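Okay, predicted coordinates and the sequence, questions at the end:
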Amino acid sequence: MDKHELAAFLRARRERLRPEDVGLPSGTRRRTPGLRREEVAVLAHISTEYYVRLEQARAPRPSAEVLAGIAGTLRLTDAESDHLHLLAGTARTRTASLRRQVRPSILAVVDRLPLTAAIVLAADFEVLAWNPLAAALMEDFALRDRRDRNLARQAFPVGGTGGASEPPYGIADGAEFRHQVVMQLRTTLAQHPSDPEVIALVDELRTGNAEFERLWSRHDVQPAPVLTKTFHHPSVGPVTVDCDSLALVDGDQFLVLYTAPQGSPDADALALLGMLTARAAASD
């Protein structure tokens, strides 16, 4: 049970609600945003003292029934409710480190997709594997040290002051991508609370990038699905692709596929990138 993260998550979810959201009069003498703690306790059918202790990180582990009552009162989504149970220690966590070895069968799939840019990501956004078209569309990750193959570090460079930083690979949805990174890392940390690399990455980004810390403090945990993504490539210009992220059976890795409709200008641009990459490889 992570008492401090649980307390912060409950406060953040409580403060986003208005009294009228749960059928209470708004009144005019509220000094703090959102619901009052005693209002949450009454609606969740628990004692006010116990709920206050939860938000002060002083309470013992709540039961699944108590968590269900709180989740309903705070209008949590399914993803947020799952995260609540993770923080409270009533859901299974993966205490071992992230799996970073990609199964040979997945590597074979990646290599056999000549018209698809494909990468395999760890749950902390480290790029574990890629095919030639992904290298052409994004970059040749083989030229980077393992530490620098992490897309979270590229999205949130150390020293960022909170302004809009240059999005990696010229993607058009830089702000949305950064928000997605933060939400996924929060879930990954809750699932792997003892992984030293995940802990160090989050600490590094929180202390080294003001925008990451601002988004982290929101305690959001439900990334919106990314259906398309536009890359601004220096050789072929903008390329808009369908983006599909498939969770692998291991749970710690994702196969990300970038494709374009057959016969479209974007498909032609991907094909051109593939030809340029093949020619460059043949001339080496």
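Looks like it came in fine.

how about the strands of this protein, start to end?
For the chain, the strands defined by DSSP state E occupy 117-122, 127-130, 228-233, 237-247, 253-259.

To residue 44, which of these lies closest?
Proximity to residue 44 (CB to CB) singles out strand 237-247 among the strands of the chain, at 31.6 Å. Heads up, the C-betas are built off the backbone N, CA and C, glycines and all.

what angle sits between the closest one and strand 228-233?
140 degrees (axes from the mean of the first three to the mean of the last three CA atoms, to 10 degrees).

how far out from the middle of the chain is strand 237-247?
Chain-centre distance of strand 237-247: 17 Å, with CA atoms, centre = their mean, to the nearest Å.

Show me what that strand packs onto, helices and strands only.
Judged by 3 or more CB pairs under 8 Å, 6 or more residues apart in numbering; DSSP states H and E, the packing partners of strand 237-247 are strand 228-233, strand 253-259, helix 265-283.

how close does the spatially most central residue of the chain sit to residue 201?
Closest to where the C-alpha atoms of the chain average out (CA atoms, centre = their mean) is residue 184, at 1.9 Å. Between residue 184 and residue 201 the computed distance is 12 Å (CB to CB, to the nearest Å).

go on, residue 44?
Relative to residue 201, and taking CB to CB, residue 44 is found at 34 Å.

in the stretch 51-200 of the chain, what spans have low per-residue confidence?
92-96, 160-165 (pLDDT under 70).

quick one: the helices in it?
64-73, 78-88, 104-111, 132-137, 151-155, 174-191, 196-208 (DSSP state H, counting those that start in this stretch).

export the ones you listed to a markdown table and tack on distance to residue 255?
Converted to a markdown table, those look like this (distance: least, CB to CB, whole Å):
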| stretch | distance to residue 255 |
| --- | --- |
| helix 64-73 | 31 |
| helix 78-88 | 21 |
| helix 104-111 | 7 |
| helix 132-137 | 11 |
| helix 151-155 | 15 |
| helix 174-191 | 15 |
| helix 196-208 | 20 |
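
I'd like to know which of those helices is closest to residue 4.
Of the helices of the stretch 51-200 of the chain, nearest to residue 4 by CB to CB is helix 78-88, at 9.3 Å.

now the closest one against helix 174-191, angle please.
Using the same axes, to 10 degrees: helix 78-88 against helix 174-191 is 40 degrees.

So which other helices or strands are in contact with helix 78-88?
Contact partners of helix 78-88 among helices and strands, from 3+ CB pairs under 8 Å, 6+ apart: helix 3-15, helix 64-73, helix 174-191.

can we see that at 6 Å?
Here helix 78-88 touches helix 3-15, helix 64-73, going by 3 or more CB pairs under 6 Å, 6 or more residues apart in numbering; DSSP states H and E.

Determine which of the helices and strands packed on strand 237-247 approaches residue 56 most closely.
strand 253-259 (36.3 Å).

tilt between that closest one and strand 228-233?
Going by the same axes, to 10 degrees, strand 253-259 makes 70 degrees with strand 228-233.

List the contacts of strand 253-259.
116-122, 241-247 (CB atoms under 6 Å, 6 or more residues apart in numbering).

Could I get the average pLDDT for that strand?
If you average the pLDDT over strand 253-259, you get 92.

List the buried residues in stretch 132-145.
Neighbour-count burial for stretch 132-145 flags 132, 133, 134, 135, 136, 137, 138, 139, 141 (criterion: 16 or more other CB atoms under 10 Å).

Ok, stretch 269-284 next?
269, 270, 273, 274, 277.

same deal with stretch 188-203?
188, 189, 190, 191, 192, 193, 195, 197, 198, 201, 202.

okay, now the closest residue to residue 2 other than its chain neighbours: neighbour count?
Closest residue to residue 2 apart from its sequence neighbours, by CB to CB, 6 or more residues apart in numbering: residue 87 at 5.1 Å. Neighbourhood size, residue 87 [other CB atoms under 10 Å]: 26.

My read is that residue 87 contacts residue 4, right?
No: judged on CB atoms under 6 Å, residue 87 makes no contact with residue 4 at a distance of 9.3 Å.

re earlier: can you name the two of the contacts of strand 253-259 that are farthest apart?
Longest distance between any two of those is 22.4 Å, between 122 and 242; criterion CB to CB.

Have a look at the two and say which one is more surrounded.
residue 122 (21 against 15).

That one: what's it in contact with?
By CB under 6 Å, 6+ apart, the contact set of residue 122 is 98, 100, 128, 253.
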